[in-house]
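1. got a sequence here, can you build the structure:
(one chain, ligands or ions: 2)
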Amino acid sequence: MADQPTSHPRKKLYIETVGCQMNVLDSELVVARLRDDGYELTTDIEEADAILYNTCSVRQHAEDKIYSALGRIKQLKKRKPELSIGVLGCMAQKDQNLILKRAPHVDIVVGPGQLARVPELLTIAKAEAKPQLAVSLARTAGSRDDVTSSFDNYDSDREPSVRPSPFQAYLRVMMGCDKFCTYCIVPSVRGPEQSRPPDGIVAEARALAGQGVKEITLIGQTVNSYKFREPDGRTTRLSDLLARLHDVEGVERIKFITNFPNDMTDDLLQAVRDLPKVSRYIHVPAQSGCDLVLKRMKRMYTVGFYEDMLARLRETIPGSSVSSDFIVGFCGETDESFQKTVGLVERSRFKNSFIFKYSPRTGTKADDLFADDVPEEVKKRRNHELLELQTAISLEDNMEFVGRETTVLVEGRSRSTTRREGWDGVDQLSGRTHCDRIVVFDGPERLIGRMVQVRIENASGVTLFGQVVTAERIASSV
Ligand code: 5AD
Ligand code: SF4
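-> Numbering: from 1, shown residues only. Ligands and ions are numbered 1, 2, ... in the order given. The predicted structure follows:
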């Protein structure tokens, strides 16, 4: 392409995002701001004018990866001193100046509550030739209002080009967390729980639908604790919000993650049952199947309570699927307590479970109070055992779909598709059922973003495989 002599060449931004959906959305918002500031995205780190890492602190491993990435780009900065390097997100809030100590070539360190300032901080760092740090107040550093307002909300900026796909978007309904599970760093780095005003959320959903978004995933650390009180006393719960979002034209599917077991109220379950656009899929982490461990985790429920909640959920929403998170090897987890978790997984028949080895986090209650006393090999073994059990259950449940037809929202080309030489024009597409199961099938790319009927022919633990049911196919099979 010919150079445009009149315009300034745009600066190149390389951004890497790790961690949860909150981070994916945060990166979208940062990119939107930086585009206004003359940046365009690149996937080639060598040609970047700015390299940003949006980081996660939930487990040590995620932090180690960022510190080694920072080590790798040290030479790049030496060769190109004008290169800007930024560490954003949870690790920035947690480690603050430690990042600059360990990686002095970093220019900006910006916590998740200060991301709107990224463009300004990049400019100041350059002008003053001095690293810039912008973080929110620690939870104990002031009144709740002061701490809360140090976590900025700038969700109205959106940038379609960095979304998971053009028709899928995240929408934040709340920020922060007040549960303080003893193992978890999130309440410290993402600040106090705040629900956003419903009018703003609905307006954002309309804007997203206007950009072609068909599937909206509402996100919050404990999304089902969402509650917004208007000055006149009226309260909007998540169930009310779902009903309002259901009316937004163009939106075809609505999901919400992640749920806290204690806040799974009947009004919410009934909303999922009664609103056809809402996915019949609930992610509600149990974390452990042992009451003693749950108590040490300060999860504020017992296994009995969790299982009653699950029974109520399944009774209210037929055809729903449930997924969970588990931490294995938490402080004091004996073989006996682990076996109780195995029992819970056997009984619960989750669609899938995300299983993590406990990773002690500085600044959490568990790290202060309990010894990390389960050896790494035991954590690994328990992780493996639980995953194997879950995969076997997922496979059994997926096999139930074989021979059935299901409606699928087509998300994109299947990751396993490789266009080989002599490619015959048929893509493998991937999408999800109403209960969030992944379905892979042959079909043309133009189906992406559409709802199609698929007959399931085979299944693995994570995927259903099938064929699109079309008029011709039905006719030829008669
Ligand atoms: N160690 C391991 N896993 C953790 N999680 C949160 N904190 C930790 C930790 N310190 C897991 C929980 C949570 C998921 C997002 O990450 O299972 O639900
Ligand atoms: Fe962390 Fe618990 Fe809050 Fe989830 S509910 S973000 S695990 S403190």
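
2. mind checking how far Asp373 is from Ala138?
-> Counting by Cβ to Cβ, to the nearest Å, the gap from Asp373 to Ala138 is 28 Å. (C-beta placed from N, C-alpha, C; glycine too.)

3. of those two, which one has the most company?
-> More neighbours surround Ala138 than the other of Asp373 and Ala138, with 15 against 12 (other Cβ atoms under 10 Å).

4. next, find the distance separating the more buried one from Gly113.
-> 11 Å.

5. again with Val251
-> 28 Å.

6. and the two? Which one has more around it.
-> In terms of neighbours (other Cβ under 10 Å), Gly113 is the more surrounded of Val251 and Gly113; the figures are 25 against 20.

7. what about the host helix or strand of Asp146, average pLDDT?
-> For Asp146, the element it lies in under DSSP states H and E is helix 144-149. On average, the pLDDT along helix 144-149 is 86.

8. can you tell me the number of residues neighbouring the residue of the stretch 351-478 of the chain found nearest ligand 2?
-> Going by Cβ to the nearest ligand atom, ligand 2 is nearest to Thr364 of the stretch 351-478 of the chain, at 8.9 Å. Neighbour count for Thr364, taken as other Cβ under 10 Å: 19.

9. quick check, it in contact with Tyr183.
-> Yes: taking Cβ atoms under 8 Å as the definition, Thr364 is a contact partner of Tyr183 at 6.0 Å.

10. distance check, Phe305 against Met264.
-> From Phe305 to Met264 the distance is 10 Å (Cβ to Cβ).

11. neighbour count: those two, which is higher?
-> Met264 (18 against 15).

12. quick check: that one vs Cys90, distance?
-> 26 Å.

13. what's the answer for Val189, then?
-> Distance from Val189 to Cys90, by Cβ to Cβ: 4 Å.

14. identify the contacts common to these two.
-> By Cβ atoms under 8 Å, 6 or more residues apart in numbering, Val189 and Cys90 have these common neighbours: 57, 111-112.

15. now, those that are in strands?
-> Among the shared contacts of Val189 and Cys90, DSSP state E puts none in strands.

16. show the buried residues in those residues.
-> 57, 111-112 (16 or more other Cβ atoms under 10 Å).

17. was I right to think Arg158 contacts Val31?
-> No: judged on Cβ under 8 Å, Arg158 makes no contact with Val31 at a distance of 9.9 Å.

18. comparing those two, which shows the higher neighbour count?
-> Val31 (24 against 20).

19. which residues touch the more buried one?
-> So Val31 contacts 13, 15, 39, 41, 159, 161-162 (Cβ under 8 Å, 6+ apart).

20. if any of those residues are buried, put those into a ChimeraX selection.
-> Entered in ChimeraX, the line below selects the buried ones among the contacts of Val31, by 16+ other Cβ under 10 Å:
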select :13,15,39,41,159,162
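
21. so which of the contacts of Val31 belong to strands?
-> Going by DSSP E, the strands hold 13, 15, 39, 41 from these.

22. now those residues in a markdown table, with pLDDT?
-> A markdown table is the format used below for the ones in strands among the contacts of Val31 (pLDDT from 0 to 100):
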| residue | pLDDT |
| --- | --- |
| Leu13 | 97 |
| Ile15 | 97 |
| Tyr39 | 95 |
| Leu41 | 94 |
